[in-house]
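Novice: Any chance you could fold what I've pasted below:
(chains A, B, C and D)
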There are 2 protein chains.
Amino acid sequence: MSEAKPAPNGGRGRRPGSTDVARLAGVSQKTVSRVLNGEPYVKEEVRLRVQAAMRELGYRRNNAARALNEGRNRRIGVVCLGTALFGPSTQLVAIERTLRSTGYSLSIVNTLEGDTGGVAGAVEHLLEQGVDGIILSEPIDEGDDQPIAVDLPVLSFGQFPGLTARSALYTGGDNTSAGRLATEHLLGLGHRTVWHVAGPQRWWAARERLDGWRQALAAAGAPEPPVLEGDWLPASGYEAGQRLATDDEVTAIFVANDDMAIGVLRALAEAGRSVPGEVSIVGFDDIPSAAYLSPPLTTVPQDFDAHVARGIANLVMEIESPTGDRSPAPESPPLRLVIRHSTAPAS
Amino acid sequence: MSEAKPAPNGGRGRRPGSTDVARLAGVSQKTVSRVLNGEPYVKEEVRLRVQAAMRELGYRRNNAARALNEGRNRRIGVVCLGTALFGPSTQLVAIERTLRSTGYSLSIVNTLEGDTGGVAGAVEHLLEQGVDGIILSEPIDEGDDQPIAVDLPVLSFGQFPGLTARSALYTGGDNTSAGRLATEHLLGLGHRTVWHVAGPQRWWAARERLDGWRQALAAAGAPEPPVLEGDWLPASGYEAGQRLATDDEVTAIFVANDDMAIGVLRALAEAGRSVPGEVSIVGFDDIPSAAYLSPPLTTVPQDFDAHVARGIANLVMEIESPTGDRSPAPESPPLRLVIRHSTAPAS
DNA sequence: GACGTTTCTGACTACGTAGACACATTCTGA
DNA sequence: TCAGAATGTGTCTACGTAGTCAGAAACGTC
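Specialist: Okay, the predicted model is just below:
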């Protein structure tokens, strides 16, 4: 063979390392490292020479080597659920934005249905990548989950049963209070009671919203109608709406997210029951289209940025100086209700 | 100080490495490596002993070391736009699913508005992480972008001007044909012409859909009304709808995504113009709630899985055996139109 | 039983970075 | 002028994995 022995990398002559920069600048590799990390005790003239050499070679620090040397990757893994739902998607964007400002990189893994091990499998995948911390984006409780033990800080947006971690942090919007708020709004309009189209009860957020609804009813002494459970999607809201539409007793419904509320609205419209004339509806999330539905939807907006920022701040702190402390009780951001035209006083 | 010198890692006595496994199993580190990689020429009995030792120590391969040794990270970076829009979110989920089956890990970076350098900055961030390939999820053309040069394979879902890469791959749904399809449907119903509420023209997908609309009009000899440009969100659709509602000539509208179509529907409803009685509307995306709007929306669904799968297959192939070839002309998956109740024959 | 395979195992090494430490040079103050 | 600090630079090394190569052990064949 006349060809040179193949380089271990792609084939293009090896990417330059700090050694190459050092040679070009006429200094030692260690000095290059110093310049790279902005350490003191480098003569200004040398610093400039090294920086010029870096630019000339198109040098870029090798993160694998750095990670190996330091024993950490500056990387955080997020376990998502593999859906394009508004809440999870918005939260992921917030996570990325927040994380980037901390200097950590972001790996994501989805737990797909039918996936071996579900969350456990996803976590394992992240551990193999060598992440320094893990975020459980939408903790769900399948019931058949095997317990998960991780020797890393874990941030969970909702409580996750069966999780043992080096330190388990918890943050999240206060779904319970939000559910209570939505229900109280409807009760305050004079409705005898409020029906509830819940999210899938495997989801922590769905359970909390239901709890809030239940609390509000109990506090008002209102009877608690049977719960209808959907899957967050409009189709399931539509089905629930069809059933509720047949019952004249139903005058107020709290739907656990806006997408399902769209389905409920449609079912009521088809059944000829006017909103808010005969039935009042409150949604949850305040998706961008909520204001443009027929009628515009009264709903509870979520402040993802706030609780994501708090959670990640805690997580990063825990990674960099492990205390093993639980995160402080999350002070919830102020709750709001956006009142539009899908709710009206009981007739 | 009486405490032991701090270990370079978090503090817990160092994570076990292949050397520790080797010691426990009474073999050399290299043999552990062989077992780990399923290489032949390891006596069955030894293999079992090593595997037992791995389990006992909770051994997990150190990926940083592996990456350093191999000169590649088995990692692909995705540049997203930092929105929770349906299309991008759905596509990201599809990317994760597909990528995982190839053995690559996924890093994501958003290009936030106001971010230094936009796409260029995001790409730089990924390069620093040492990714082996890059995906531009929603290529947009800001006009003021500095050109981007990368010595890596890059997969772009839409053409990205100013990109120079080791090999630039391109895949994407055929937005042009889809736009034509939507427009032809409306023309076929007897409408004299079709108005268009376009997406932001910085987006490749938005430009393509507009092109398709234009082509269909031209082919039918229909006059081309002025284009209204939105930002994908319902609010912008609402504004466009308000303007269109005042013009009795408007009997058919192709809206570049379903979210904006929701806004258009709302504006028409408020103006007392019935859909589809007076005005027909076609959306794009087929979001889950499209079937539950009032009226249920006729729309063009996108097949993300198909083009993501094709694109990533090409990208991975290009990473593992670089040919520098352009990807073959993408054979588009069959286009569909979901006809619901927002379109009707012209009166 | 001598030879050649095939199977199996280990020693040594590179990968790129940054920490520990040694040493040289310059500066400061008495 | 000299001790001692402050400043600047280089050498050596560890980090954990897997490639290269050397060689040992087991097997078959005439």
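
Novice: where are the low-confidence patches of the stretch 101-250 of chain A?
Specialist: For the stretch 101-250 of chain A, the stretches flagged by pLDDT under 70 are A:113-117, A:143-145.

Novice: how about the helices in the stretch 201-347 of chain A?
Specialist: A:204-220, A:234-245, A:258-270, A:304-320 (DSSP state H, counting those that start in this stretch).

Novice: same question, the stretch 1-150 of chain A
Specialist: Counting by DSSP H, counting those that start in this stretch, the helices of the stretch 1-150 of chain A are A:18-25, A:29-36, A:44-57, A:63-70, A:86-100, A:119-129.

Novice: what is the mean pLDDT for the fifth one?
Specialist: Predicted confidence along helix A:86-100 averages 93 (mean pLDDT).

Novice: who touches it?
Specialist: Helix A:86-100 is contacted by residues A:76, A:78, A:80-81, A:105-106, A:108, A:135, A:137-138, A:157, A:205, A:257-259, A:285, A:287, A:302, A:304-305, A:308-309, A:312, B:80, B:82-84, B:89, B:108-110, B:112, B:125 when judged by CB atoms under 8 Å, 6 or more residues apart in numbering or on different chains. (Each C-beta comes from the backbone N, C-alpha and C, glycine too.)

Novice: Just the buried residues of those.
Specialist: Neighbour-count burial (16 or more other CB atoms under 10 Å in any protein chain shown) applied to those gives A:76, A:78, A:80-81, A:105-106, A:108, A:135, A:137-138, A:157, A:205, A:257-259, A:285, A:287, A:302, A:304, A:308-309, A:312, B:80, B:82-84, B:89, B:108-110, B:112, B:125.

Novice: Give me every residue in chain A lying close to DNA strand D.
Specialist: Residues of chain A lying close to DNA strand D (CB under 7 Å from any atom of the strand) are A:8, A:26-31, A:34, A:40-43, A:46, A:65, A:68-69, A:71.

Novice: From A:Glu229, how far out is A:Gln201?
Specialist: 6 Å (CB to CB, to the nearest Å).

Novice: actually A:Thr299, not the one I wrote
Specialist: 19 Å.

Novice: between those two, who's got more neighbours?
Specialist: A:Thr299 (28 against 15; other CB atoms under 10 Å in any protein chain shown).

Novice: Around the closest residue to the more buried one other than its chain neighbours, how many other residues sit close by?
Specialist: Among residues not flanking A:Thr299 along the chain, A:Gly283 sits closest, at 3.9 Å (CB to CB, 6 or more residues apart in numbering or on different chains). Residues lying near A:Gly283 (other CB under 10 Å) number 30.

Novice: pretty sure A:Gly283 contacts A:Gly263?
Specialist: No: counting by CB atoms under 8 Å, A:Gly283 stays clear of A:Gly263, with 10.8 Å between them.

Novice: quick one: A:Gly212 from A:Ala206, how far?
Specialist: 11 Å.

Novice: same check, this time on A:Leu265
Specialist: Counting by CB to CB - A:Leu265 and A:Ala206 are separated by 20 Å.

Novice: circling back to that earlier point, burial-wise, tell me which of the helices of the stretch 201-347 of chain A comes out on top.
Specialist: For the helices of the stretch 201-347 of chain A, average neighbour numbers computed from mean count of other CB atoms under 10 Å in any protein chain shown are highest in helix A:258-270, which has a mean of 26.

Novice: and that helix, what does it pack onto?
Specialist: strand A:195-198, helix A:234-245, strand A:252-255, strand A:280-285 (3 or more CB pairs under 8 Å, 6 or more residues apart in numbering or on different chains; DSSP states H and E).

Novice: Which other helices and strands does the last one contact?
Specialist: Of the remaining helices and strands, those touching strand A:280-285 by 3+ CB pairs under 8 Å, 6+ apart are helix A:175-188, strand A:252-255, helix A:258-270, strand A:298-301.

Novice: what lines up beside that strand in the sheet?
Specialist: strand A:252-255 (parallel), strand A:298-301 (parallel) (DSSP bridges).

Novice: So which residues make contact with the last one?
Specialist: Outside of strand A:298-301, the residues that reach it under the criterion CB under 8 Å, 6+ apart are A:178, A:181-182, A:185, A:258, A:261, A:280-286, A:290, A:335-343.

Novice: average pLDDT across that strand?
Specialist: For strand A:298-301, mean pLDDT rounds to 97.

Novice: mind checking how far it is from the chain centre?
Specialist: 19 Å (CA atoms, centre = their mean, to the nearest Å).

Novice: which residues sit in contact with A:Gly77?
Specialist: A:Leu106, A:Ser107, A:Ile108, A:Val109, A:Leu126, A:Gln129, A:Val131, A:Gly133, A:Ile134, A:Ile135.

Novice: Would you list the phi and psi of A:Gly103?
Specialist: When read as degrees, to the nearest 10, the backbone of A:Gly103 gives phi 90, psi 0.

Novice: Please name the residues that touch it.
Specialist: Counting by CB under 8 Å, 6+ apart, A:Gly103 makes contact with A:Arg74.

Novice: Tell me the spacing between A:Leu126 and chain B.
Specialist: 9 Å (CB to the nearest CB, to the nearest Å).

Novice: what's across from the closest residue to that residue other than its chain neighbours in the sheet?
Specialist: In this structure, A:Leu126 finds its nearest non-sequential neighbour in A:Gly77, 3.4 Å apart by CB to CB, 6+ apart. Per DSSP bridges, the residues bridged to A:Gly77 are A:Ser107, A:Ile134.

Novice: can I assume A:Gly17 is in contact with A:Asn62?
Specialist: Yes: assessed by CB under 8 Å, A:Gly17 is found in contact with A:Asn62 at 6.4 Å.

Novice: Comparing those two, which residue is more hemmed in?
Specialist: A:Asn62 (19 against 16).

Novice: surely the more buried one meets B:Leu68?
Specialist: Yes: counting by CB under 8 Å, B:Leu68 is a contact partner of A:Asn62 at 7.2 Å.

Novice: quick one, what contacts the nearest residue to A:Pro225 once chain neighbours are set aside?
Specialist: Distances taken as CB to CB, 6+ apart place A:Trp195 nearest to A:Pro225, at 4.9 Å, with adjacent residues excluded. Residues counted as contacts of A:Trp195 (CB under 8 Å, 6+ apart) are A:Pro225, A:Leu228, A:Leu244, A:Val250, A:Ala252, A:Ile253, A:Phe254.

Novice: which residues does the residue nearest to A:Gly190 when sequence neighbours are not counted contact?
Specialist: Spatially, and ignoring its direct neighbours in sequence, A:Gly190 is nearest to A:Ala346 (3.8 Å; CB to CB, 6+ apart). A:Ala346 sits next to A:Leu189, A:Gly190, A:His191, A:Arg192, A:Thr251, A:Ala252, A:Ser280 when contact means CB under 8 Å, 6+ apart.

Novice: try A:Asn73
Specialist: A:Asn63, A:Ala67, A:Ser105, A:Gln129, A:Gly130, A:Val131, A:Asp132, B:Ala64.

Novice: If we use 7 Å, what do you get?
Specialist: A:Ala67, A:Gly130, A:Val131, A:Asp132, B:Ala64 (CB atoms under 7 Å, 6 or more residues apart in numbering or on different chains).

Novice: Let's see if you can find the most crowded of those residues.
Specialist: A:Val131 (28 neighbours).

Novice: Grab the nearest non-local neighbour of that one.
Specialist: A:Gly77 (3.9 Å).

Novice: got it, and A:Leu315?
Specialist: According to CB to CB, 6+ apart, the nearest residue to A:Leu315 is A:Leu155 (4.3 Å).

Novice: Having no further points to raise, I will conclude here.
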